[in-house]
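J.: Here is the input, now give the coordinates:
(2 chains)
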Amino acid sequence: MENELMNLKNNAVSLILDAKSEKELEELKLQFLGKNGSFTLLVKEIAKLPAEKRPEVGVLANETKKIIEEALENTATQFQTQKKEAIKKIDVTEPGLRPPLGHLHLVTQAIEEITAIFEHIGFTRVRYPEIEYDWYAFEALNFPENHPARDDWETFFIDQTPDPQKGPVLLTPHTSSGQIREMERQVANQKKTGEEISIKMLNIAKTYRRQSDVSHTPMFHQFETLVVGENISITHLKGVLDYFVKAYFGQKRKSRIRPYHFQFTEPSFETDVSCGVCEGKGCKLCKEGWLELGGAGMVHPNVLRNCGLDPEKYSGFASGWGVERVLTMKEGLEIDDIRLLYSNKLEFLDQF
Amino acid sequence: MNIKILDSWLKDYLKTNASAKEIAKEMSLTSVSIERVEPHNSDYVYDIEVTTNRPDLMSVVGLAREAAAVLPQANIQAKFVAPTIKIPEKPLAKTPLTIISDEKNVRRICAAVMEVTVGKSPSEITERLETSDIRSLNNLIDITNYVMRTIGHPTHVFDYDRLPNHTIRIRESKKGETITTLDGKSYTLPGGDIIADEGTNNIIDLISIMGLENSVVNDNTKRIVLFIDNVDPHKIRKTSMQLGIRTEAAQMNEKGIDPERAMDALLFGISLYEKYAKGKLIAPIIDIYPHPYKPKTVSVTLAKIQEVIGVPITLVKSVAILEKLGFAVTTKETTILATVPSFRAEDISIPEDLIEEIARVYGYHNLPNQLPGITSNSIVNFSANPFYWEERAKNALKYWGYTEVYTYPMVSEAMYEGPTSEAVKLANPLGEEFVYMRRTLVPSLLKVLEENRQATTLQIFEIANVYEKDDKSLPRETRMLAGLIRDSRANFFRVKGLLEQLADDFGISNLGVRATKSGLETEIKLGSQVIGTIEILDEDLINFEINFAQLVEHATRTHSLKPLAKYPPIVEDISLVLTEEIPTGDVIAEIKKQSSLVREVTLLDKFENSRTFHILYQHQEKNLTSEEIATLRAKIIQHLKQTFKAKLK
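T.: Reported below is the predicted structural model:
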């Protein structure tokens, strides 16, 4: 018995010292000390010895176990030390192995931000056709028949026979066509379900005009708000404008509205944001401390009427601003030529 | 349209102590936008943007009148001083001049014949014109421009002696008639343009747009016809745009100038010729004005005013503002009845127009900012929200290493795929590059590739509409997702895997990829419906395009929980010898078909004619025994032998 224990000890220790990995060490531990390990099985034999021999062999067994355990522990510590040494040697200045990362287009990034801002104050995003009838783009929006925007020089027309009711087919020159779509939809819904008219729309879409120069691309994006309900006033338009300006451009920026002229709003406004560079003092980049954001106004009674809404009961406001415009107005992004956004040079796109 | 004027010029008609900066600020807030104020010697130049509804403000007098109305609201004293328009003495001479009007197009014509001496203009006039970006030529021409800018009515001058018939006849042009404008350029008229001839067919003026070479004043001019024409603005716009002659006169006239100003302009002009060109009236003044302005009245209630503006503005205040702006106002209880001055006739016709006048002068900046209390009546529904899925897909692609591009939906004929007879075509494209509305996004992505030739690897995508013609309705717009990969390691299976993973993320389980024409073009199916393609264009170039709208329609955020497995799966690999034409997909499907205990089958390895499949067996309720697995395996192998003539390796 003593010899067996001795042999087992020697065998175990030499195997442990030879172990090449932590996994091998773990296996050796099981092989000797595990539930069916050779040491464990041998110890069970002690009970079969005569009573007087048992204490002596018991002591030896304990010692053997202790030695094996120590050997296991020492070797394990050695492995730990070796690992640490290897970790120490890592050249952390070597480049990291990055997961793939592409880029979202600046316009998408702006649209996501604009959407989040307006959704936060209860607007719902919609999408309507890019190719529209004259009715939605002009007629229902109160544009007179001879208005320059209806000229071939300003708006793209589709080579298609005009609809007898809704007129020629064109590429919508503004997201305002969505105003008519939204109001018509809600009026139809009211007739069907009796649900009250309550519009808080955000329409972000591609828009088209026949222009291409440093500050115009024939395709661009606008974001349109439309709020229609009872007792909507200019103060509400100002509230929404100011909320957007502070959320998008920063807390310090101021907003204002001033008189302007559009066919589909009355009164009409131009909306401004204070210049972020000179903080409203006036500089080369701005106009006397202000930058133009875009148009807005109170929905014209003819427009409400054209959509089947009674202007005596309902009022509303709308705004239509350029996505590219607010994007390039953000500090730090001075894009001289707007066409760069759609040139799709990766060198440009990959910067954002 | 922008105009520039000197501060000192404005102050000829506006008595105020306000500085140019103050005037600019207050006017911008309540009236026209004065975009810049630049110092000029001891003076200032205003750069003013005038909106199309306010042609009355495209003049010094108009601006002075407006400023006098709005400045007091900001506690700045200001008073309008109207120009002194002197009515000249009746001349003794009766130099003959016949004007034949055209009832259909003419709103008013005022004319005077004068003897003059051509020369240089005084410096006061040249300086004022040149700071307004109007070139000074000689006194005869300069005075017409000076009158236009001061009074706000475009003005023309003929050389009387170059009109041998002493006749000016207004008519519409016939298509093909030719003219040479005073700058020496020749034009062929489109027809229907308002012109003047001398009673014969010899055209002498392109009315309201530009003078002609054959009748314009020159250094030898002794007698002139000062000619103020006010005609149909829409015809002016049309002719001016068609010929591309965008003179300041044309840009003003197309907006509709108040005909009441025409006589002021003529009389002011006469006085200037008298003063600066030794002018003498030599014939009675002519005034053709068939339908003089009849003032109209517009009414609005105080309740409506307060509702739109959103603050309790008083009746007294509202009336005072309108009166300052030149309206004659009476009230009936709380209703305002405002008679519109002629210079605002085109612009003011409904109650809201009056509200705008009251609100802007009251000052938009004096109104509070309030968020509207109403809420949208639409209910948020993630699964049905296309914007939610679009953002999710875009972000997934971004984190899988793709860069998003935005390309133009209008494409050239070369870039249009398919027969152009079926294309959505622009009637008035902007050059050959943008003629058709695209039917697929792929050629646009290939163009991006071309523009980035130097990039050896590239992974791009776009989500945008494609367009299909529908003669009875609007073209159909369908949202597509397309991608393009150029990489030496480009691999069909990466693209396939990407689409499968995207479908998984959208909760779609029945996306399938099937070859139609070998690997050259592969269909992507959703159930039995083809919703896209994968194309291998070259060893290192692959594209895909998929109907994103369809994908969104089937997308869901609903997941049903499967109970967690209590018993570990059993894994085994089977190597088979299979002939080349047998699709791996079919083999996998066949293996899965054999038992519901087969949870997963993947292709582990492919070498020459052998393929190794990795199979995972699992029972929800118990541990599978080796016997059960053996039976299952035998069944699988037997079926593969039958169906595919497979051999166990």
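J.: which regions of the chain lie under the pLDDT threshold?
T.: Went with chain A since none was named. A:332 (pLDDT under 70).
J.: actually chain B
T.: For chain B (pLDDT under 70), the answer is B:517-519.
J.: Spatially central residue in it, please.
T.: residue B:430 (14.0 Å; CA atoms, centre = their mean).
J.: Quick one: residues contacting that one.
T.: By CB atoms under 8 Å, 6 or more residues apart in numbering or on different chains, the contact set of residue B:430 is A:156, A:210, A:211, A:212, A:218. The C-beta positions use only the backbone N, C-alpha and C, and glycine is treated the same way.
J.: now the fourth one: how far from residue A:156?
T.: If I follow you right, that is residue A:212. As for residue A:212, its distance to residue A:156 is 12 Å (criterion: CB to CB, to the nearest Å).
J.: Out of those two, name the residue with the larger neighbour count.
T.: For residue A:212 versus residue A:156, the count of surrounding residues by other CB atoms under 10 Å in any protein chain shown is larger for residue A:156: 23 against 16.
J.: Please report phi then psi for that one.
T.: For residue A:156, the backbone dihedrals are phi -80, psi 130 (criterion: degrees, to the nearest 10).
J.: likewise residue B:11?
T.: According to degrees, to the nearest 10, residue B:11 has phi -80, psi 0.
J.: how close does it sit to residue B:63?
T.: 11 Å.
J.: name the helices or strands packed onto whatever helix or strand residue B:634 lives in?
T.: Taking DSSP states H and E as the criterion, the element that holds residue B:634 is helix B:626-644. Helices and strands touching helix B:626-644, as assessed by 3 or more CB pairs under 8 Å, 6 or more residues apart in numbering or on different chains; DSSP states H and E, comprise strand B:570-577, helix B:584-593, strand B:610-617.
J.: mind putting these in JSON lines, mean neighbour count included?
T.: Below are the helices and strands packed on helix B:626-644 laid out as JSON lines (neighbours: other CB atoms under 10 Å in any protein chain shown):
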{"stretch": "strand B:570-577", "mean neighbour count": "15"}
{"stretch": "helix B:584-593", "mean neighbour count": "15"}
{"stretch": "strand B:610-617", "mean neighbour count": "18"}
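J.: burial measure for the residue in the stretch 151-300 of chain A that chain B sits nearest to, as a count.
T.: Relative to chain B, the nearest point of the stretch 151-300 of chain A is residue A:233 (2.9 Å; CB to the nearest CB). Residue A:233 has 22 neighbouring residues, counting by other CB under 10 Å.
J.: do the same with residue B:23
T.: Residue B:23, neighbours per other CB under 10 Å, totals 25.
J.: Centroid-wise, who is the farthest residue in the chain?
T.: No chain specified, so I'll use chain A. Furthest out from the centre of chain A (CA atoms, centre = their mean) sits residue A:52, at 80.2 Å.
J.: element containing that one?
T.: Using DSSP H and E, no helix or strand contains residue A:52.
J.: Distance from the longest helix out of those in chain A to the middle of the chain?
T.: Ranked by number of residues, the top helix in chain A under DSSP state H is helix A:54-88. Put simply, helix A:54-88 sits 55 Å off its chain's centre (CA atoms, centre = their mean, to the nearest Å).
J.: Touching, residue B:277 and residue B:142? I think so.
T.: No - in this structure residue B:277 lies outside contact range of residue B:142 using CB atoms under 8 Å: 9.5 Å.
J.: Now do the same contact list for residue B:405.
T.: Residue B:405 touches A:105, A:344, A:349, B:444, B:445, B:448, B:460, B:461, B:462, counting by CB under 8 Å, 6+ apart.
J.: Let me fix that, I meant to ask about residue B:584.
T.: With CB under 8 Å, 6+ apart, residue B:584 has these contacts: B:603, B:606, B:611.
J.: And the spatially closest residue to the first one that is not a sequence neighbour, how far from chain A?
T.: Among residues not flanking residue B:603 along the chain, residue B:584 sits closest, at 5.4 Å (CB to CB, 6 or more residues apart in numbering or on different chains). Here residue B:584 is placed at a distance of 26 Å from chain A (CB to the nearest CB, to the nearest Å).
J.: Equivalent analysis for residue B:403, please.
T.: 4 Å.
J.: Check the contact between that residue and residue A:346; I expect there is one.
T.: Yes - between residue B:403 and residue A:346 a contact is recorded at 6.5 Å, counting by CB under 8 Å.
J.: between those two, what contacts are shared?
T.: Common neighbours of residue B:403 and residue A:346 (criterion: CB under 8 Å, 6+ apart): B:458, B:460.
J.: still on that earlier bit, please say which of residue B:11 and residue B:63 ends up with more neighbours.
T.: It is residue B:63, of residue B:11 and residue B:63, that has more neighbours when counted by other CB under 10 Å, with 28 against 18.
J.: contacting residues for the more buried one?
T.: Here residue B:63 is in contact with B:5, B:10, B:14, B:27, B:32, B:48, B:57 (CB under 8 Å, 6+ apart).
J.: Sitting in helices, which of those do you find?
T.: Going by DSSP H, the helices hold B:10, B:27 from those.
J.: Dump the contacts of residue B:63 into JSON lines; add distance to chain A and neighbour count as well.
T.: Shown next, in JSON lines, are those (distance: CB to the nearest CB, whole Å; neighbours: other CB atoms under 10 Å in any protein chain shown):
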{"residue": "B:5", "distance to chain A": "16", "neighbour count": "23"}
{"residue": "B:10", "distance to chain A": "17", "neighbour count": "20"}
{"residue": "B:14", "distance to chain A": "19", "neighbour count": "23"}
{"residue": "B:27", "distance to chain A": "9", "neighbour count": "24"}
{"residue": "B:32", "distance to chain A": "8", "neighbour count": "25"}
{"residue": "B:48", "distance to chain A": "11", "neighbour count": "24"}
{"residue": "B:57", "distance to chain A": "11", "neighbour count": "23"}
